[in-house]
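**Student:** Give me a 3D structure for the following:
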Amino acid sequence: MTHLPKSSAAPPQAGPGLPSIPPQPGRPAMPVPPAPAPPTRRTAFAEGVERVRGAATTEPGRLRIIGAVLALVVVAFGAVTAWQTSERSAAADDVLHHSQPLSSGAADIYRSLADANTAASSGFLAGGQESAVSRDRYEKDIRTAAGGLVTAAANAEPGSASEAAIAKLNRLLPEYKGLIERARTYNRQGYPVGGAYLRYANEKMQKEMLPAAEDLYTKENQRLDADYGDATPYPWAAIGLGVLALGALGWAQHRMYRRTNRVLNHGLVAASAATTVALLWLVVGHAVARSELDGSYDHGIRSLTVLHDARIASLKARGNENLSLVARGAETITVDGKAYDAYYYDFDKDMGVLGKGLSEARKLADDQAGTTPVKAAAGNMVVWKQRHASARTEDENGNYQQALDKVIGAKGATGECFDSVDHNLARAIGHEQDEFQQAAGDGLDAMTGLPVGVAVLAVLAAAGGVAGIGRRLSEYR
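**Tutor:** A predicted model of the protein is given here:
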């Protein structure tokens, strides 16, 4: 009888994942090997990469990849160009039709308030018989300021600093008008308290209203500068994509020439031509627009800012000159231990600002039409200072009536010089405004049709590139 050898190892036992064959008489249980795991399914991306890799091993596959890349780059060039040029065109339109008119409107609010204050003080000096001209000028300035505030409020951003300044001016304007009317009433009745009301109204104007108007003017100028900043930068992303698209098209044509010895592929040539036209249009059109907009800023906005400041300084100087006679020395200021008449001191300061502004405006003027009124205003200012010195001497010597005649008299008074300065500055502002309108308009026109035109050319270029590649693919069928 044959005996099986004894093994020192225990027979394998069934366990998790290891099924066993039921034991048979005389034989130990044997394990069953596990079933193989199902293959892991690849992701769609991996399968796509594998397909592209497989296609790249054949010339038709390579051509399809090249055609897709060319179309993608050219369309991207058109899309980015349309986006960037649309933004710049919109900013240029804002400069011309929105922010600059609002900036000019804010300057008009400031000027109208200062001129109203000057007209009120001039009418007060005339005594109880205020002239109709002075009264009409005051009323017109108040209406202009009120109308400007309505326009500014309609265009102010909610919660902005401009809105706060407008609200403040809307609150202060009726208060100022009430003080002026009280001053006039008491002045007509011959009560000295009328001068006190006028000085109080002037203080409200100088310390509250004009600073708020100046703040509004500053904020609108900042908005104008921001629009210029959005309109003038070069569209480097679009230009870079245009150069890349041309380079890709040139490489594709060179590759095709080396493989087929065919000099031209009509589709790729058409695509290259359309891309070249689009790129040249972009570069030249934006360069012209940028040049015109820069010119509108350098020879328009900068000059307008200086001229507006000079005109406001002349108005404030005239108002201080009048109030010095109204106050009759009642308002003083101490500087470096020395007492000065407050209004004469401010007059000298305002005339310094006026002289500096006229000098700068003369440098910025780039033609005879702009230089002539500035020169005339400078000459008027010199005479004004001479006549003012004579009137101040009379006032300081106690000759009040003689001083008054030299300030508001019918002939040879400082009022004539002020009116001439104001008139010539208004002429200069009008000229610079026209120059701005012309240059900014030309800049906006240079970008007209650019976003849509380049987008259309890019689509045509992409279609031409795909057609050119398709023509080559057809040779493999």
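**Student:** Point out where the protein drops to low pLDDT.
**Tutor:** 1-42, 44-49, 51-57, 127-130, 261-263, 329-330, 476-477 (pLDDT under 70).
**Student:** Show me the residue at the heart of it, geometrically.
**Tutor:** In the chain, the residue lying closest to the centroid (CA atoms, centre = their mean) is residue 227, at 1.6 Å.
**Student:** and that one, helix, strand or coil?
**Tutor:** Applying DSSP: H, G, I helix; E, B strand; the rest coil to residue 227 yields a three-state assignment of helix.
**Student:** The stretch 151-300 of the chain: helices as residue ranges?
**Tutor:** Taking DSSP state H, counting those that start in this stretch, the helices of the stretch 151-300 of the chain run over residues 161-188, 193-204, 210-231, 236-260, 266-296.
**Student:** Format these as a markdown table; extra columns: distance to residue 313.
**Tutor:** (Each C-beta comes from the backbone N, C-alpha and C, glycine too.) Listed next are those as a markdown table, based on distance: least, CB to CB, whole Å:
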| stretch | distance to residue 313 |
| --- | --- |
| helix 161-188 | 20 |
| helix 193-204 | 16 |
| helix 210-231 | 12 |
| helix 236-260 | 42 |
| helix 266-296 | 25 |
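**Student:** quick one, which of those is nearest to residue 325?
**Tutor:** With respect to residue 325, and counting by CB to CB, the nearest of these is helix 193-204 at 9.9 Å.
**Student:** any idea how far the closest one is from the chain center?
**Tutor:** Its chain's C-alpha centre and that of helix 193-204 lie 40 Å apart, by CA atoms, centre = their mean, to the nearest Å.
**Student:** Could I get the buried residue list for that helix?
**Tutor:** 194, 195, 196, 197, 198, 199, 201, 202, 204 (16 or more other CB atoms under 10 Å).
**Student:** got the contact list for stretch 390-403?
**Tutor:** With CB atoms under 8 Å, 6 or more residues apart in numbering as the test, stretch 390-403 has contacts from 321, 324, 325, 328, 344, 406, 407, 414.
**Student:** one more time with 7 Å
**Tutor:** 325, 344, 406, 407, 414 (CB atoms under 7 Å, 6 or more residues apart in numbering).
**Student:** what kind of secondary structure is the first one in?
**Tutor:** Remark: residue 325 carries the secondary structure label helix [criterion: three-state DSSP].
**Student:** mind listing what it touches?
**Tutor:** Contacts for residue 325 were tallied using CB under 7 Å, 6+ apart; they are 125, 395, 403, 404, 407.
**Student:** With residue 364 instead?
**Tutor:** 302, 303, 306.
**Student:** follow-up on the earlier one: among the helices of the stretch 151-300 of the chain, which comes closest to residue 384?
**Tutor:** Per CB to CB, nearest to residue 384 of those: helix 193-204, 20.2 Å.
**Student:** got the angle for that closest one vs helix 161-188?
**Tutor:** Going by axes from the mean of the first three to the mean of the last three CA atoms, to 10 degrees, helix 193-204 is angled at 170 degrees with respect to helix 161-188.
**Student:** buried sites along the lengthiest helix in the chain?
**Tutor:** Taking DSSP state H as the criterion, the chain has its longest helix at helix 59-94. Neighbour counts using 16+ other CB under 10 Å place 61, 63-64, 66-67, 70-71, 73-82, 84-85, 88-94 of helix 59-94 among the buried residues.
**Student:** for that helix, packing partners?
**Tutor:** For helix 59-94, the elements it packs on are helix 44-55, helix 210-231, helix 236-260, helix 266-296, helix 414-446, helix 450-473, judged by 3 or more CB pairs under 7 Å, 6 or more residues apart in numbering; DSSP states H and E.
**Student:** Could you point out which of those sits nearest residue 377?
**Tutor:** helix 414-446 (3.9 Å).
**Student:** Give me the distance between that closest one and the centre of its chain.
**Tutor:** 21 Å.
**Student:** what's that helix packed up against?
**Tutor:** Checked by 3+ CB pairs under 7 Å, 6+ apart, helix 414-446 has helix 59-94, helix 266-296, helix 302-327, helix 368-396, helix 400-408 packed alongside it.
**Student:** any idea of the angle that helix forms with helix 302-327?
**Tutor:** 160 degrees.
**Student:** what angle sits between helix 414-446 and helix 210-231?
**Tutor:** 20 degrees.
**Student:** circling back to that earlier point, state the pair within the contacts of residue 325 that is farthest apart.
**Tutor:** Maximum distance among those (CB to CB): 12.1 Å, for 125 and 395.
**Student:** Tell me, how many residues neighbour residue 391?
**Tutor:** 24 (other CB atoms under 10 Å).
**Student:** now swap in residue 179 and tell me
**Tutor:** 21.
**Student:** ok, it - contacts?
**Tutor:** By CB under 7 Å, 6+ apart, the neighbours of residue 179 are 197, 200, 201, 204.
**Student:** again, only this time at 8 Å
**Tutor:** Applying CB under 8 Å, 6+ apart, the residues near residue 179 are 197, 198, 200, 201, 204.
**Student:** Just the C-alphas of stretch 80-92, formatted as CSV.
**Tutor:** Extracted as CSV, the C-alpha positions of stretch 80-92 are listed here (Å, rounded to 0.1, in the frame of the first residue of the first chain):
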residue,chain,number,x,y,z
VAL,A,80,-8.9,90.3,-29.0
THR,A,81,-8.6,93.1,-31.5
ALA,A,82,-12.4,93.7,-31.5
TRP,A,83,-12.4,93.6,-27.7
GLN,A,84,-9.5,96.0,-27.2
THR,A,85,-10.4,98.5,-29.9
SER,A,86,-14.0,98.6,-28.8
GLU,A,87,-12.9,99.5,-25.3
ARG,A,88,-10.6,102.3,-26.6
SER,A,89,-13.2,103.6,-29.0
ALA,A,90,-15.8,103.8,-26.2
ALA,A,91,-13.3,105.6,-24.0
ALA,A,92,-12.5,108.1,-26.8
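**Student:** Residue 43: neighbour count?
**Tutor:** Other residues within reach of residue 43, judged by other CB under 10 Å, total 9.
**Student:** how much space between it and residue 50?
**Tutor:** Look at residue 43 and residue 50: by CB to CB, to the nearest Å, they are 11 Å apart.
**Student:** now swap in residue 226 and tell me
**Tutor:** Distance from residue 226 to residue 50, by CB to CB: 51 Å.
**Student:** on that earlier part again, nearest to residue 249 among the helices and strands packed on helix 414-446 would be which one?
**Tutor:** Across those, the minimum distance to residue 249, taken as CB to CB, is reached by helix 266-296, at 4.7 Å.
**Student:** Check which helix or strand residue 333 maps to.
**Tutor:** For residue 333, the enclosing helix or strand under DSSP states H and E is strand 332-335.
**Student:** Tell me which other helices or strands that strand touches.
**Tutor:** strand 338-341, helix 342-364 (3 or more CB pairs under 8 Å, 6 or more residues apart in numbering; DSSP states H and E).
**Student:** Now find how far off-centre the helix or strand hosting residue 118 is within its chain.
**Tutor:** Assigned by DSSP H and E, residue 118 falls within helix 100-125. Between the centre of helix 100-125 and the centre of its chain there are 25 Å (CA atoms, centre = their mean).
**Student:** Kindly report the same for stretch 462-470.
**Tutor:** With CA atoms, centre = their mean, you get 41 Å for stretch 462-470.
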